[in-house]
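Engineer: sequence and predicted structure are below.
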Amino acid sequence: MVRAVIAKLSQRDAAKTERPVGAGLIERISWDDLRVFVVVARTLSFRKAATALRTSSSTIMRRMERLEDTLGFRLFDRLPDGVGLTAEGHSVYATAQQMERASHTLRASLDRDLTTRGTVRCSITEGLGTLWVLPHLVQFNRAHPSTVVELRCSMELADVLRMEADVAVQLTKPDRPDVKAARIGRMHIYPFASKRYTDVFGLPASRDEIRHHRLVDQQAPQVDQDVTGRVLNMPSIEGIVALRTNSSAAHLHAIELGMGIGGLPTYLAVLSPELIPVDIGVRHQVDVWMSYHPDARSVRRVALFNDWLRTLFDPKRYPWFGDEFIHPRELAGLHAAQKNNAFSLPSAMRSASWPG
């Protein structure tokens, strides 16, 4: 099928450019270059495509120049703020998307046997991926030893339609109608401090008193940048910020080290019971969304992984992901009652060395 699509592409563009084509040209076209081309065509940016494909902009530009040279015409117009598709580029893009869909169908047909090694690519926010999903992956790995999970922990959104990931767990609702999406849970954000902090600064007794304290602030994609000032009713928090970071793990660790008070998901009261809730009448909630390509469930190992991933946010098992707010002290009690379950953070992750 791929060869037929390439032939169709060559014939169509040959008619437009009056450039001789044939089997030789078809053999020279690289599917991998076309796959990169699809990402550039969707993002209309060499830089964004390089980020999505985890390579350099110079590599993307070099491969697009090679593809243009093979085809014999320009695919992109270089613009000050990115690139734009030429008329020929639009034509190639339409056909290359058919090849992309064909490759996914081929993967589904070849990946039915769960006893053969195969990969599931999961993109997830850094905190949930590192602190919640990773400790549970041990169980999944033992139950499905032939499935390699590629866990991409990042606050950057992955586009499942571009097949950057098989499944994405994110904190913003997917807005593309052709993506399969479902809300799988809710995180309740609450202010926390550590004993190291309270020994030096004490705890605020009210929202107004926090103006005389220190904050640890996180700024990253998918994080509401104005939420802290909004819930504290402060036009600006700049005067009391002790540390600002883009990393969820660094954010948690800085609070544990006593650098300041910070908002954390309440499930961390279970994973890190030494955290002290700061009861000043403020809290925030964030929905957790799962999204995946419409054809993703045709790959059996992806379907199994997605179903397993949903269970990690089941409020009947893990009430901190339910719609109803439960105070962190109550959650800590649940942890004490079920201390033999996989709720506590592994010791290797409680050390001073944290992933960035």
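Structural biologist: Yep, it's here.
Engineer: okay, helices next: where are they in the stretch 251-356 of the chain?
Structural biologist: Secondary structure of the stretch 251-356 of the chain by DSSP state H, counting those that start in this stretch: the helices cover 268-271, 300-311, 328-337.
Engineer: closest to G72 out of those?
Structural biologist: Comparison of those against G72 by CB to CB identifies helix 300-311 as nearest, at 38.1 Å. Where C-beta positions appear, they are placed from N, C-alpha and C, glycine not excepted.
Engineer: got the CA coordinates for the closest one in CSV?
Structural biologist: Output of helix 300-311 as CSV, limited to C-alpha atoms (Å, rounded to 0.1, in the frame of the first residue of the first chain):
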residue,chain,number,x,y,z
ARG,A,300,-4.0,-4.5,21.2
ARG,A,301,-1.0,-3.7,23.5
VAL,A,302,-2.0,0.0,23.3
ALA,A,303,-5.6,-0.8,24.2
LEU,A,304,-4.5,-2.9,27.2
PHE,A,305,-2.1,-0.2,28.4
ASN,A,306,-4.8,2.5,28.1
ASP,A,307,-7.3,0.4,30.0
TRP,A,308,-4.6,-0.2,32.7
LEU,A,309,-3.7,3.5,32.9
ARG,A,310,-7.4,4.4,33.5
THR,A,311,-7.4,2.2,36.6
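Engineer: show me which residues of that helix are buried.
Structural biologist: R301, V302, A303, L304, F305, N306, W308, L309 (16 or more other CB atoms under 10 Å).
Engineer: can you pull the pLDDT of the residue lying closest to R297 once chain neighbours are set aside?
Structural biologist: Closest residue in space to R297, ignoring its immediate chain neighbours: A303 at 4.4 Å, by CB to CB, 6 or more residues apart in numbering. Per-residue pLDDT puts A303 at 90.
Engineer: pretty sure A303 contacts H293?
Structural biologist: No - taking CB atoms under 8 Å as the definition, A303 is not a contact partner of H293, at 11.7 Å.
Engineer: export the helices of the stretch 251-356 of the chain to a markdown table and tack on distance to Q170?
Structural biologist: Below are the helices of the stretch 251-356 of the chain laid out as a markdown table (distance: least, CB to CB, whole Å):
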| stretch | distance to Q170 |
| --- | --- |
| helix 268-271 | 19 |
| helix 300-311 | 13 |
| helix 328-337 | 23 |
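Engineer: what's the closest of the ones you listed to R62?
Structural biologist: Nearest of these (CB to CB): helix 300-311, 32.0 Å.
Engineer: turn the buried residues of helix 300-311 into JSON lines, including distance to P328.
Structural biologist: Output for the buried residues of helix 300-311, formatted as JSON lines (distance: CB to CB, whole Å):
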{"residue": "R301", "distance to P328": "36"}
{"residue": "V302", "distance to P328": "35"}
{"residue": "A303", "distance to P328": "35"}
{"residue": "L304", "distance to P328": "33"}
{"residue": "F305", "distance to P328": "30"}
{"residue": "N306", "distance to P328": "29"}
{"residue": "W308", "distance to P328": "27"}
{"residue": "L309", "distance to P328": "24"}
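Engineer: show me which of the residues you listed is closest to T43.
Structural biologist: V302 (23.9 Å).
Engineer: so how far is G322 from the closest one?
Structural biologist: V302 sits 26 Å away from G322 when distances are taken as CB to CB, to the nearest Å.
Engineer: could you do L67 as well?
Structural biologist: To G322, L67 is 50 Å away according to CB to CB.
Engineer: neighbour-wise, which of those two wins?
Structural biologist: Relative neighbour count places L67 above the other of L67 and G322, with 20 against 15, counting by other CB atoms under 10 Å.
Engineer: hmm, V38 and the more buried one touching each other?
Structural biologist: No - in this structure L67 lies outside contact range of V38 using CB under 8 Å: 11.1 Å.
Engineer: phi, psi for D217 please.
Structural biologist: Note on D217: backbone dihedrals following degrees, to the nearest 10 are phi -120, psi 140.
Engineer: residues contacting the residue lying closest to it once chain neighbours are set aside?
Structural biologist: The shortest distance from D217 to any non-neighbouring residue, by CB to CB, 6+ apart, is to R244 (4.6 Å). R244 sits next to V216, D217, Q218, Q219 when contact means CB atoms under 8 Å, 6 or more residues apart in numbering.
Engineer: lovely, talk soon.
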